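> Here's my sequence, what's the structure:
(4 chains)
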2 protein chains.
Amino acid sequence: MKSPIPATTVSRLPVYLRTLGALPSSQHTCSSDQLAALAGVNSAQVRKDLSYLGSHGTRGVGYEISELRDQLRRALGLVQSYGVVIVGAGNLGSALTNYAGFSAWGFEVVALVDADSKKIGTVVAGHDVEGFDELGRIVKERNAAIGIIATPARAAQEVADRFIDAGVRSILNFAPAVIEVPAEVVLRRVDLSTELQILTFHLHQG
Amino acid sequence: MKSPIPATTVSRLPVYLRTLGALPSSQHTCSSDQLAALAGVNSAQVRKDLSYLGSHGTRGVGYEISELRDQLRRALGLVQSYGVVIVGAGNLGSALTNYAGFSAWGFEVVALVDADSKKIGTVVAGHDVEGFDELGRIVKERNAAIGIIATPARAAQEVADRFIDAGVRSILNFAPAVIEVPAEVVLRRVDLSTELQILTFHLHQG
DNA sequence: TAGATTGTTAATCGATTAACAATC
DNA sequence: TAGATTGTTAATCGATTAACAATC
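Modelled structure (predicted):
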């Protein structure tokens, strides 16, 4: 079953959710105008996006903040906790493992994995580094839902394949590589060099 | 002067550039079909995107790889080196500083800055950590073009403001905060928790 | 020439937003 | 009631892609 919520809307829901958190606690409702200004989008877009969650605003008043927060959380699936396995115990994997936002949103790093035998058994960011060979067992035993690839580009496809073999259906790729996954796997890519190159495009144009 | 190249096209140019790097060196031309397959997009889109750089393909043959690489580099402004200042010497700032891709694409970390007096003067990822108070002087003296924010969310706006005061016109924000910048400043945001929440949306739907 | 592939048009598709009736 | 703001429609805008003439 395909989601009726457009991907562009989905990518804005986390922004709205964070925006609500920044509102003063004395405020109990907020308007689409206010949300739009804080999130940096058009107010008609806010109303349209929120209407996909069901229409829970009050005309003349706005949205009840705590109710809206619950609805956003429910829509995003943030009503349960998710196990995260990070592959790559280098600087990036270590920074990701330490990321405080994980637990704030219900994510838990259940393993930090690396292929380098010199790293296996050491403690990085409070986690024992485990062997890449163990990935399948780890994912299954600890019921991990999300895989993060924080390896060099050349290893990325192999890591993705092993995640998928183990049953992971959501992958976040920090390696600067385009990788192939079956249609049922959701893959997102975060790529520093792409971001930098988009900046230099504009620097160069300006 | 506004760029005639659409933002969606700009964001794909780095992907094409990297894709060329992955081609066997025995190959001297490539078709839009091949590029499309490797980059994961439609071949008509590849041709349209590349046509913005000028029409340099050969009908019946394809694109000359080394020529196309040069054109992509030129379009993205990767024909010079750019100084990068990173604010935030925590795990993320440290990982970013260590990122090998910087020098590969002509970026150079010219300073790593932190507001925490306990960190100032220590060496992180091979760089002396300098004080946030020095930011303006550092940017100007070292001619930094790009600012990276790797601080907690609450500091992000202040860091952006100080970057802008110092003359930085390109900012990459890793802090989970929406920040305001004047129209002439290019701001990109990389947000781990947004990415994770988009994944959980799909997990939850599936 | 025959086959291949570009460059570009025009059709399609989808996302954004102005506008306003509904209604608190 | 008067003012405010939602929910939704319809218009607009922009991006994607099928199709094909041009041409190597």
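> helices or strands up against the helix or strand bottoming out on mean pLDDT in chain A?
When the helices and strands of chain A are scored by mean pLDDT, DSSP states H and E, helix A:101-104 comes last with a mean of 84. With contacts defined as 3 or more Cβ pairs under 8 Å, 6 or more residues apart in numbering or on different chains; DSSP states H and E, the secondary structure elements packing on helix A:101-104 are strand A:107-114, helix B:192-205. All C-beta spots, glycine's among them, are computed from the backbone N, C-alpha and C.
> Parallel or antiparallel, list what pairs with the first one.
Next to strand A:107-114 in the sheet, as set by DSSP bridges, lie strand A:82-87 (parallel), strand A:127-131 (parallel).
> right, and the helix or strand after it?
Scanning forward in sequence from strand A:107-114 by DSSP states H and E, the next helix or strand is strand A:123-124.
> Does chain B have contacts with that next one?
No - between strand A:123-124 and chain B, judged by Cβ under 8 Å from any Cβ of the partner chain, nothing touches; the nearest distance is 10.4 Å.
> isn't A:H127 right up against A:V109?
Yes - here A:H127 reaches A:V109: they are 6.6 Å apart, a contact under Cβ atoms under 8 Å.
> Using neighbour counts, pick out the buried residues of the one helix or strand A:P14 maps to.
Using DSSP H and E, A:P14 sits in helix A:7-21. Residues of helix A:7-21 classed as buried: A:9-20 (neighbour count, 16 or more other Cβ atoms under 10 Å in any protein chain shown).
> Helix, strand, or coil at A:V46?
State at A:V46, reduced to three classes by DSSP: H, G, I helix; E, B strand; the rest coil: helix.
> thinking again about what came up before, show me which positions of the least confident helix or strand of chain A end up buried.
Judged by neighbour count using 16+ other Cβ under 10 Å, the buried positions of helix A:101-104 are A:F102.
> Convert the C-alpha atoms of it to CSV, please.
Presented in CSV, the C-alpha positions along helix A:101-104 are these (Å, rounded to 0.1, in the frame of the first residue of the first chain):
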residue,chain,number,x,y,z
GLY,A,101,19.4,13.4,19.2
PHE,A,102,19.1,9.6,18.8
SER,A,103,17.6,8.9,22.3
ALA,A,104,15.7,12.2,22.2
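> Which strand residues bridge the residue nearest in space to the middle of chain A?
When chain A is reduced to its mean C-alpha position, the closest residue under Cα atoms, centre = their mean turns out to be A:L172, at 7.4 Å. When bridges are taken as DSSP bridges, the partners of A:L172 come out as A:I148, A:R188.
> any idea how far it is from B:R73?
Going from A:L172 to B:R73 by Cβ to Cβ, to the nearest Å gives 28 Å.
> can you check A:G57 too?
Counting by Cβ to Cβ, the gap between A:G57 and B:R73 amounts to 49 Å.
> And A:H202, by the same measure?
Distance, A:H202 to B:R73, using Cβ to Cβ: 15 Å.
> ok, now A:G101?
A:G101 sits 35 Å away from B:R73 when distances are taken as Cβ to Cβ.
> Ok, A:F107 next?
Between A:F107 and B:R73 the distance, using Cβ to Cβ, works out to 38 Å.
> the more surrounded of those two?
Using other Cβ atoms under 10 Å in any protein chain shown, the more surrounded residue of A:F107 and B:R73 is A:F107, with 23 against 17.
> Would you mind confirming that the more buried one makes contact with A:I146?
Yes - with contact defined as Cβ under 8 Å, A:F107 reaches A:I146; the gap is 7.2 Å.
> Quick check: neighbours shared by these two?
Taking Cβ atoms under 8 Å, 6 or more residues apart in numbering or on different chains as the criterion, A:F107 and A:I146 both touch A:82, A:84, B:196.
> Tell me, how many residues neighbour the first one?
When you say that, I think you mean A:Y82. Summarising burial for A:Y82: neighbours were counted as other Cβ under 10 Å, giving 22.
> How about the backbone phi and psi for the residue nearest to it when sequence neighbours are not counted?
Residue nearest to A:Y82 in three dimensions, not counting chain neighbours: A:A145, with 4.5 Å by Cβ to Cβ, 6 or more residues apart in numbering or on different chains. The phi and psi values for A:A145, taken as degrees, to the nearest 10, are phi -100, psi -30.
> cool, A:S31 as well?
phi -90, psi 160.
> For A:K48, see how far away it is.
Taking Cβ to Cβ, one finds A:S31 at 15 Å from A:K48.
> same question, A:S81
Between A:S81 and A:K48 the computed distance is 31 Å (Cβ to Cβ).
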